Structure formats: structure tokens, C-alpha cells
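> From the sequence below, what's the structure:
(chains A and B)
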Number of protein chains: 2
Amino acid sequence: MPSRSDSEDPRLGDLSEGRILREILSRTAPGAHTILGPGDDAAVIAAPSGSVVATTDTLVHGPDFRLAWTSGYDLGWKSAAVNLADIAAMGARPTALLVALAVPRDLPLSFVERLADGFREACAALAPGCAVVGGDLTVSDVLTVAVTALGDLEGRAPVTRSGARPGDVVAVAGELGLAARGLAVLFGRFRADGSPVPVRAEALAPGESAAVAAQLRPSPPIGLGTAAAVAGATAMMDVSDGLALDAVRLADASGVTLSLDRAALGDDPPRALGGGEDHALLATFPEGVLAPGFRVIGRVHERSQAPVLCDGVPVAPEGWDPYRDWDSAAG
Amino acid sequence: MPSRSDSEDPRLGDLSEGRILREILSRTAPGAHTILGPGDDAAVIAAPSGSVVATTDTLVHGPDFRLAWTSGYDLGWKSAAVNLADIAAMGARPTALLVALAVPRDLPLSFVERLADGFREACAALAPGCAVVGGDLTVSDVLTVAVTALGDLEGRAPVTRSGARPGDVVAVAGELGLAARGLAVLFGRFRADGSPVPVRAEALAPGESAAVAAQLRPSPPIGLGTAAAVAGATAMMDVSDGLALDAVRLADASGVTLSLDRAALGDDPPRALGGGEDHALLATFPEGVLAPGFRVIGRVHERSQAPVLCDGVPVAPEGWDPYRDWDSAAG
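Numbering: from 1, shown residues only, chains lettered A, B, ... in the order given. Got it, this is the predicted structure:
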């Protein structure tokens, strides 16, 4: 849809809630699972297999995204993607999103319009049939996007973090470390002197473009979550905080040790282990079983002292400071 | 549960996310509909009738609550209640809540512990069987509680806003204007000079206590939502923004005019019409039908120029400024 010129782009604080909601809702698309969509006290979504999978994840301006380099479209896309990935990680098919927006009064209308576009197009690209079915709009000094995603297990049991068994293979689908590389590019190239610089695509080398795109508009392998479940994955989770940390979580939940093969972690194993936000799927499968799109990166063993080893060496996960280089005035 | 002394009450910014989540989750109770609770990428909730009702509503510090007079317990209770009311308003039974918390780093741990208590006890009191099944914790300069509620229709069709028909009666269950009276007490008595004063129960007259409780810890008639649906309600909604405004929404959605009887609106009809946040249920029923707990306040007519009349006079809904008297420094 065309974007507005500045003169036609009012601030949200000057508009009624009804007007803003009309603009947003005109950009949503109907979902295949939607029985009753936006406009009433609540939505109604099909849950054909008699249960519903539900998760919520919030993106807050500052710790979770920077407007210095994040557009409304990017924010909508990413808010959808990170929640869809949690549904996929249970082996479920995403059916619906609910979006609670808390917006500053001086935010331009075009920002939330593009945000709605990002939600719609992320659903279409990553989880066809899934759609925004409801939401909430309130004012806040801090731009906040709280999303709830729902999904259907299609009659299967959920694939939890606790089912990995010794003898299983460890496998991943999706990128490892690419989003972190993108964040490093953004911090290094576009905020070197402390002040934000708009990201210009022409200023990026080809490898950098893909990394920045993975950071701003991640494309987790949502459809492979159901594929893994159908193939017989014994455990699965979304890699949101880096492979090392999330592998520890899966190992602890299952009471096993994961032994990773460094050579299987690509050309930058430290980044693959430490970099978050790719939302790859980490899964374990019985020996001889592997879902399409997954690649083997290790083995499951009886629990030893360390929950995760890489080429036999215990892996020590590092934390990520969401407030790194954050200046609330600059955004 | 016992509260902590100040010396044992660390700030959230000094604790790990895992520690905070453990404290919160130790205060949640299992739900009758929970198949898989907190701890994995997503929860799984029973949806026995093959669909799920879903709604989201956010409370933001400032426009939606003031810490000057809202405790952690109050905030948890109210955040649960307002979302449960939206599920009830569809004629559904609440099955689960997901809670996305965005918290300032200097918030005391005890605040979120009491918030978890408020969620648990509101579910137990208002919607037995419903429980918190998942959530998200992030940092923000603005305390924000984004809740998603899920519900089950038990095989019935949802009761929407659009089904009111001429000849139906208009009825409500729950309070009208009491929460607004409570807010007036709080603004008038505890912030008269612009600075917040803690609410002391002994400083309130008996009538004021009930009004303040209705504002801080509303008890909408959640169970009467399913009762209305079973009895045959033709339309229903939650009265969150005042009867006048919400009645206009129902009238517009149904393409009818609602004619209210002023004498049925209690001892302060203007407050009953204008006061929000009671989360009463507004419903229409066929002539001769009324669910237990509902009282008749008017009639449905063919649409005339005004969507809502009170004793024959068109009702002009007033807006509510959520930033009234707001000072972000004082809270």
C-alpha cells in the first residue's frame, strides 16, 4: 500500500482510537482458522484437534528493538516471527495472532500502518493461514508490542523440551548466528559515534545485507516445526537466546547432555553458539530419523556434569545485555 | 503468603530472569484446562468444543493505573478481571491467561510476587478452573501488563454485539458506575494537592470502601456470561468504557436503537451512564427471557436516528481522558 507523505501523516495522539483501529484493521487479512475476527469483545479461532497452543512474547523499545534502524514494517514482521517460532517449536501450526500495542502519542500513523503490513506479510510468508484476529491499543511513553500466538497440534502430542533421550541426534533447522552478525553490523556501522544513522541498503556489502535482514526481519523455518513433529522429533525448542544457552535449557529439561560437533556449526562457531534472535529450531530425533530441512549438529548422551559439550569441551553460555549502548533519548 | 521485609526485597534489575520467573511461577496454581503449563516454548490448553475464544487487554502505568494507589496485588487482580470479562461477554468460560510483564529495573520483587497472587486469586474467585498458563518477562521504563485470556464456548455459538433485535429487552449484570465513584474518591481524597497519598482503608467511609474496591479490584460477574448464553442472550458485551458509550457500540453493531429506562439505572444515572471500568455485562434477551443475575434496563427498538435513548432523550457518550492528572514523575 502507498505510504503517506509527511503532511498527511498525523500523530496518533491527534486521532481517535476508532480511527487508528480502522486504519490498522483495513490492513489485516482474514485467516483460514478465524471463526470470528476483530470487532467484538473477543475473537473465536478454530481449534479442530480439541486443544490450543498459546505463547506470548513482547518487544519493548530499547531492550528489544531500536527505532534508529527498525521500521514499523520490520517491527510488525519481527513481532510476528518470534511468536510464530514458539508455536512451531511445539510442533504446532500457527492459527492466529493477537496484538496488544502500547504507543506513544507522537508516533506517526504511518508507523502503525506499516506495522500492520509487517504482521500481515510475515503471516503470509512464514505461516500461511495464520492471521491477526484481535488486539488492543493503548497509550504509553514506551512503544511496546505484546503478541500472543495460537496454534493447533493437528492431533499430535506437543513436542516439549524434555523428551530428548540418549542415542538421539541433535539437529537444527534455520540460521545460527546470522541475526547476531546483523546486529553487530548495525551497532558497528550505524552507531559508531553513539548517534543513530539510518540503515541505507546501498551502504551494506552483500553478506551484510542478509545478516541485517535476518536481524530486522527474521524468517524462522515455521513450517518445519510440524514437519519435525510428524517425523518423530523427541524434543524441540526455538533458539532465541543463542544455541549455547538454549541447548543448556533443553539438556536440563530432558536430563541429558548434548554433545555438539563444532564442524557442524558453520564458518563462525562462536557466533553460532552465542548469537541470539535467529529463532532456528533445535530438535532431537531418534537415530536414523531426521525431518526435511534439519541438519545434524550433535548427539544426545547420558547426563554428565556439563549439560552441553562442543567437541568435548563444556559450553559456557554468555548472557546478552538488552540495554547495550541504549540511550532512551536517542532511541 | 508472607510479604518480604524491605531488606529482603531486592529490585528486579538485580535478579536473573530465571530467579524472577521461579518466584512468580511458584505462586501460580494449576488450571483445570491446562494440558501443558509454564516452562516450555508455549502452553497447551484444552479447547474441548473445537474452538477457542481469545482476547487481549493491556494495563499501562499512567493511563490505566496509578501506583499511587494500586498495589501489585490490585494490579494482578484487575488485569485478570478485565480480560476475564471479555471472555464472559462472548458467552464463554475462561480457561487460561497468558501474562506479558514489562517491568522497570527498580521495581521490588515483592511487587511482582503480589501481582502473581492477585492473578491467582482473581481466577479462583471470578473464574474457577482458569489459570495463568504462560507469560513473558521483559524490561521497560513503563510498567506494563499485557494479558491474553482464552475461553471455551462449550459447544454454543459466540454471543456477539450484533445480534440485538427489536422487541428484545436490554439487561445488565454487575455494577454500573461504582468503579467510577471509586476513582472519584481516589482522585478527590488522595491526590487533592497533586501529590499521591497512600489509600488508608480507615480513612474511607463504608460506601467509599466498596467504590474504591470496585475500582482497584473489580469483580465482574464472569460466571453470568455463560448463564446469559445458555438462557438465549441475543447480544452481549462487556461495559468497560461506560454504559452510554458501550451501548452505542452494541446498538451500532446490531443496527438497532436501545431505549434505556433512567429509573432502572440506580441512584446516580449520570454516573451509571458515564462511568467506566465496572466490566458489567450488557446483554439483550428475547421478550420473556432473562438469565439469572440480570436486570432489565430498557428495550430494543428499530433503529432511529439516535443509537441510544434514555427516557427518550438521545445519550451523548463522553470520553475518558486516561492521562487525567497524570505526572509521570510522581506515578
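> Please make it C-alpha for all contacts and neighbour counts, starting now.
Fine.
> Contacts only, for the residue nearest to A:Pro94 when sequence neighbours are not counted.
The spatial neighbour of A:Pro94 that comes closest, neighbours along the chain excluded (CA to CA, 6 or more residues apart in numbering or on different chains), is A:Gly151 at 4.0 Å. Neighbouring residues of A:Gly151 by CA atoms under 8 Å, 6 or more residues apart in numbering or on different chains: A:47, A:52-54, A:87, A:92-96.
> mind listing the helices for the stretch 151-300 of chain A?
Secondary structure of the stretch 151-300 of chain A by DSSP state H, counting those that start in this stretch: the helices cover A:178-190, A:206-216, A:223-231, A:243-254, A:269-274.
> List just the one of these that sits closest to chain B.
Nearest to chain B among those is helix A:243-254; the distance by CA to the nearest CA comes to 9.1 Å.
> and that closest one, is it in reach of chain B?
No: applying CA under 8 Å from any CA of the partner chain, one finds helix A:243-254 separated from chain B by no less than 9.1 Å.
> I'd like to know which elements that helix is packed against.
With contacts defined as 3 or more CA pairs under 8 Å, 6 or more residues apart in numbering or on different chains; DSSP states H and E, helix A:243-254 has these neighbours: strand A:235-239, strand A:256-260, helix A:269-274, strand A:308-310.
> Packed most tightly, which of these would that be?
The highest mean neighbour count among the helices and strands packed on helix A:243-254, using mean count of other CA atoms under 10 Å in any protein chain shown, belongs to strand A:235-239: a mean of 31.
> can you give me the strands for chain A?
Assigned by DSSP state E, the strands in chain A fall at A:34-36, A:43-46, A:51-60, A:93-103, A:131-139, A:144-152, A:169-173, A:235-239, A:256-260, A:280-285, A:295-302, A:308-310, A:313-314.
> what separates the longest one from the chain centre, distance-wise?
Computed by CA atoms, centre = their mean, to the nearest Å, the separation of strand A:93-103 from the middle of its chain amounts to 13 Å.
> Next one: the residue nearest to the spatial centre of chain A from A:Leu250, what distance?
In chain A, the C-alpha nearest the mean C-alpha coordinate belongs to A:Val82, at 1.7 Å (CA atoms, centre = their mean). As judged by CA to CA, to the nearest Å, A:Val82 and A:Leu250 stand 18 Å apart.
> which of the contacts of A:Gly151 has the most neighbours?
Counting neighbours by other CA atoms under 10 Å in any protein chain shown, A:Ala92 leads those with 33 neighbours.
> What is the burial count for A:Pro30?
So A:Pro30, with other CA under 10 Å, has 17 neighbours.
> Just the buried positions in the helix or strand bottoming out on mean pLDDT in chain A, please.
The helix or strand of chain A with the poorest confidence is helix A:178-190; it has a mean of 86 (mean pLDDT, DSSP states H and E). By neighbour count on 16 or more other CA atoms under 10 Å in any protein chain shown, the buried set for helix A:178-190 is A:178-187, A:190.
> and what of stretch A:297-305?
Neighbour count says stretch A:297-305 has A:297-301, A:303 buried, by 16+ other CA under 10 Å.
> Format the CA atom coordinates belonging to it as PDB.
Provided in PDB are the C-alpha atoms of stretch A:297-305 (Å, rounded to 0.1, in the frame of the first residue of the first chain):
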ATOM      1  CA  ILE A 297      24.900 -31.000  14.800                       C
ATOM      2  CA  GLY A 298      25.500 -33.500  17.500                       C
ATOM      3  CA  ARG A 299      24.400 -36.400  19.700                       C
ATOM      4  CA  VAL A 300      22.400 -36.900  22.900                       C
ATOM      5  CA  HIS A 301      24.300 -38.700  25.700                       C
ATOM      6  CA  GLU A 302      23.500 -39.800  29.300                       C
ATOM      7  CA  ARG A 303      23.800 -36.800  31.600                       C
ATOM      8  CA  SER A 304      27.300 -36.000  32.600                       C
ATOM      9  CA  GLN A 305      28.400 -33.000  34.600                       C
END
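> Make CSV out of the strands of chain A and add mean pLDDT.
Listed next are the strands of chain A as CSV, based on pLDDT from 0 to 100:
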stretch, mean pLDDT
strand A:34-36, 96
strand A:43-46, 97
strand A:51-60, 97
strand A:93-103, 97
strand A:131-139, 95
strand A:144-152, 98
strand A:169-173, 98
strand A:235-239, 97
strand A:256-260, 98
strand A:280-285, 98
strand A:295-302, 98
strand A:308-310, 97
strand A:313-314, 95
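> can you pull the contacts of the closest residue to chain B within the stretch 201-331 of chain A?
Residue nearest to chain B within the stretch 201-331 of chain A: A:Met237 (6.4 Å; CA to the nearest CA). A:Met237 makes contacts with A:86, A:89-90, A:160-161, A:246, A:250, A:281-283, B:40-41, as judged by CA under 8 Å, 6+ apart.
> Next one: the closest residue to A:Ala124 other than its chain neighbours from A:Ser49, what distance?
Closest residue to A:Ala124 apart from its sequence neighbours, by CA to CA, 6+ apart: A:Cys130 at 7.4 Å. With the distance defined as CA to CA, A:Cys130 ends up 16 Å from A:Ser49.
> what sits against A:Leu178?
Taking CA under 8 Å, 6+ apart as the test, what A:Leu178 contacts is A:210-211, A:214-215, A:272, A:275, A:278.
> Quickly note the distance from A:Asn100 to B:Pro307.
That one is not Asn; residue A:100 is Ala. Computed with CA to CA, the distance linking A:Ala100 and B:Pro307 is 29 Å.
> which residues touch the residue nearest to the centre of chain A?
Contacts for A:Val82 (CA under 8 Å, 6+ apart) come out as A:57, A:220, A:279.
> Put together CSV for those residues, with neighbour count on each row.
As requested, the contacts of A:Val82 are exported to CSV (neighbours: other CA atoms under 10 Å in any protein chain shown):
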residue, neighbour count
A:Asp57, 24
A:Pro220, 25
A:His279, 32
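> between those residues, which is nearest B:Ala171?
Nearest to B:Ala171 out of the contacts of A:Val82 is A:Asp57 (CA to CA; 37.9 Å).
> Hmm, that closest one is touching A:Ala146, no?
Yes: if you go by CA atoms under 8 Å, A:Asp57 and A:Ala146 touch, sitting 6.0 Å apart.
> what touches both of the two?
B:Ala100.
> State the number of residues packed around A:Pro63.
For A:Pro63, the count of nearby residues is 17 (other CA under 10 Å).
> do the same with A:Ala283
Count around A:Ala283 with other CA under 10 Å applied: 34.
> I'd say it and A:Gly232 touch.
No: in this structure, A:Ala283 is not within contact of A:Gly232 by CA under 8 Å, at 10.1 Å.
> and the gap between the residue nearest to A:Ala124 and A:Gly37?
A:Cys130 sits 12 Å away from A:Gly37, going by CA to CA.
> for A:Pro269, same thing?
From A:Pro269 to A:Gly37 the distance is 45 Å (CA to CA).
> Going by distance to B:Ala316, which of the contacts of A:Met237 wins?
Closest to B:Ala316, out of all of these and judged by CA to CA, is A:Asp86, at 45.2 Å.
> for the nearest residue to that closest one once chain neighbours are set aside, what are its contacts?
Of all residues beyond its chain neighbours, the one nearest A:Asp86 is B:Asp41 (5.2 Å), with distances taken as CA to CA, 6+ apart. When contacts are counted by CA under 8 Å, 6+ apart, B:Asp41 is found next to A:55, A:86-87, A:89-90, A:160, A:237-238.
> do the same with A:Gly134
When contacts are counted by CA under 8 Å, 6+ apart, A:Gly134 touches A:37-39, A:42-43, A:97-99, B:54-56.
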